[in-house]
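J.: sequence below, structure please.
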Amino acid sequence: LAGDTEPVTALAVSPDCKTVAVASRSLTLRVYDLHSGEVLRTWRAHKAPVADMAIDASGGYVATAGADRLVKVWDLQGGFCTHNFPGHGGVVMRVMF
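T.: Residues are numbered from 1 along each chain as shown. As a prediction, the model looks like this:
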């Protein structure tokens, strides 16, 4: 998959195996079509690298856990944050639905 040259820090495949969300050290999150390799959407997810991510069962949302001590939930189609969960004492290393 085409993308930036920075190392990947987290990725998640949708339940239907049609899309993959990839985060890198460049602080961007990219959503790809797995069949064509096309980038469907790109945005900056956190102010520090994403340590983990998970796509929900519907395939419509991705949760991200960041080194900035935040957990966020994103609308994959729209690329906007639906929920922001601050207040963690350190790097969030795991997230799941």
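J.: residue 85 contacts residue 66, correct?
T.: No: under the criterion of CB atoms under 8 Å, residue 85 is not in contact with residue 66, lying 10.4 Å apart. Every C-beta, even on glycine, is put in place using the N, C-alpha and C of the backbone.
J.: any shared contact partners between these two?
T.: Taking CB atoms under 8 Å, 6 or more residues apart in numbering as the criterion, residue 85 and residue 66 both touch residue 72.
J.: ok, these two, which is more surrounded?
T.: residue 66 (26 against 14; other CB atoms under 10 Å).
J.: which non-adjacent residue is nearest the more buried one?
T.: Nearest non-adjacent residue to residue 66, counting by CB to CB, 6 or more residues apart in numbering: residue 46, 3.7 Å away.
J.: what distance do you get for residue 25 to residue 16?
T.: Here residue 25 is placed at a distance of 28 Å from residue 16 (CB to CB, to the nearest Å).
J.: again, but for residue 4
T.: For residue 4, the distance to residue 16 - CB to CB - is 26 Å.
J.: and residue 92, by the same measure?
T.: From residue 92 to residue 16 the distance is 26 Å (CB to CB).
J.: who has more neighbours out of these two?
T.: Ranked by neighbour count (other CB under 10 Å), residue 92 and residue 16 place residue 92 first, with 21 against 10.
J.: just checking, that one touches residue 70?
T.: Yes: assessed by CB under 8 Å, residue 92 is found in contact with residue 70 at 7.0 Å.
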